[in-house]
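A.B. asks: got a structure for you, letters missing:
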RNA sequence: CGGGGAGUAGUAUACCGGUAGUACGCUUGGUUUGGGACCAAGUAGACCGAGUUCGAUUCUCGGCUCCCCGACCA
């Protein structure tokens, strides 16, 4: 894409009402626009990143047999009353509104109930199980206090996957499978080493649930980490009994602040029972389905990636999620021949299926470099008087900034390396 | 929800009970051109309502919105 055509623009100052680094940089670079507290629009660059994150998640969910669907945002009151999760005294972060024809609806903050009802229509035998079903959808939570930019919004994108099994053993196999796939997601996003599978409170059907906590100074949660064992415990559940369960000693734990980037829950029959989701075993006897739920938020992940991968000059996107593969800068200084050479390079890259943001604007070099640093595309190519004279193009990484001259004949190979 | 703070141009800010100033941006012209250039001329602004006052962006009250700390976070 030609940057001269991009409707967004970078800015030097962040709005005064944003304090979180992720929101400041994403707004300055033109990735997001704040609509109200905790509610952000995703602009062209931001949407590209969000879609890339979702793609990584989708690939990993599909790889373990997840089947994608898309459920509704609007939720019916009667369904949620069946599981006793409609009342504001039970779930206090509902957004609710009225139908013109009378009656209330809610905006989904999670989707156990509607999916259980959908599965009810299709699951009737042990032969229909196990299943993994997921969606990537906007969630709404009426948080009393939104904060931390896009890391804790009132409207956010979430991948929520649900497992349906015939037995506890089968459930546990699925649970482990999903946990492993989450580790792959975080590793592909470049935060694998900082992200710990963390023991947290379980609820009625299991002693523990697991959170995936990414160590980050601005995190809301406090966890205790064992780096060697690659395990952590949430402060909420840390006590002598829990440490004994996990074979951890106080001495090997380090306190860290962290952000929850994913969580996985055993649900047992919490939803299948009240909603009547059962299967017949081989003997023709009915049993409630054993369920699990698994959440992971692309919008929050985007914020976390900015918090983790940024320097004074701006964002440094991991390759997997960068809005474009390369940022091509034409440093022409008004010289038409150099501009034409850069145009030609842009066409050549596109013909080779390289996603390229081409800074063809008529502005000075300094502004282009500063904007490129801020936007954070990992690989930069520069076409200038120098590079044209030397018969190549200057290539550098956003991470370290060192530029080297690359011959055009080697360029595509180098970019695919 | 408890406590604290703030609403002035697209953005960041200043001053003031009496014509709202600056910087960035944007427009036009000129000079410049490898790390956010320079000159000139333009463009654009007081959250809403009530009260006090001859006069309110400024003071008072109410509302709305935003931010921070805490609580909360299936």
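C.D. replies: Received, thanks. All values reported here derive from a predicted model rather than from experimental measurement.
A.B. asks: The residue of the stretch 201-350 of chain A found nearest RNA strand B: which element?
C.D. replies: Taking C-beta to the nearest atom of the strand, RNA strand B has its nearest neighbour within the stretch 201-350 of chain A at residue A:333, 2.0 Å off. C-beta: built from backbone N, CA, C; applies to glycine. Assigned by DSSP states H and E, residue A:333 belongs to no helix or strand.
A.B. asks: what's it in contact with, if anything?
C.D. replies: A:365, A:385 (C-beta atoms under 8 Å, 6 or more residues apart in numbering).
A.B. asks: okay, now residue A:89: neighbour count?
C.D. replies: For residue A:89, the count of nearby residues is 6 (other C-beta atoms under 10 Å).
A.B. asks: And residue A:182, by the same measure?
C.D. replies: 26.
A.B. asks: just checking, it is part of a helix?
C.D. replies: Yes. With DSSP: H, G, I helix; E, B strand; the rest coil as the criterion, residue A:182 is part of a helix.
A.B. asks: distance of it from RNA strand B?
C.D. replies: 14 Å (C-beta to the nearest atom of the strand, to the nearest Å).
A.B. asks: How about that residue: what's its closest non-neighbour residue?
C.D. replies: Excluding its sequence neighbours, the residue lying closest to residue A:182 (C-beta to C-beta, 6 or more residues apart in numbering) is residue A:262, at 5.1 Å.
A.B. asks: Remind me which helix or strand the one you found belongs to.
C.D. replies: Applying DSSP H and E as the criterion places residue A:262 in strand A:254-268.
A.B. asks: wouldn't residue A:345 be in contact with residue A:381 here?
C.D. replies: Yes. With contact defined as C-beta atoms under 8 Å, residue A:345 and residue A:381 form a contacting pair (7.2 Å).
A.B. asks: neighbour-wise, which of these two wins?
C.D. replies: residue A:381 (27 against 21).
A.B. asks: need the helices for the stretch 51-200 of chain A, in chain order.
C.D. replies: A:77-82, A:112-120, A:168-188 (DSSP state H, counting those that start in this stretch).
A.B. asks: Revised request: answer the last question for the stretch 201-350 of chain A.
C.D. replies: Under DSSP H, counting those that start in this stretch, the stretch 201-350 of chain A gives helices at A:240-246, A:272-275, A:298-308, A:336-351.
A.B. asks: deepest of these, which one?
C.D. replies: Comparing the helices of the stretch 201-350 of chain A by mean neighbour count (mean count of other C-beta atoms under 10 Å), helix A:298-308 comes out on top with a mean of 26.
A.B. asks: could you say what helices and strands it packs with?
C.D. replies: Applying 3 or more C-beta pairs under 8 Å, 6 or more residues apart in numbering; DSSP states H and E, we find helix A:298-308 packed against helix A:21-28, helix A:44-63, strand A:155-165, strand A:254-268.
A.B. asks: how much does the shortest one deviate in direction from helix A:298-308?
C.D. replies: When you say that, I think you mean helix A:21-28. For helix A:21-28 against helix A:298-308, the angle by axes from the mean of the first three to the mean of the last three C-alpha atoms, to 10 degrees is 100 degrees.
A.B. asks: so how far is helix A:21-28 from its chain's centroid?
C.D. replies: Relative to its chain's centre, helix A:21-28 lies at 16 Å (C-alpha atoms, centre = their mean, to the nearest Å).
A.B. asks: and that helix, what other elements does it pack with?
C.D. replies: strand A:32-36, helix A:298-308, strand A:314-315.
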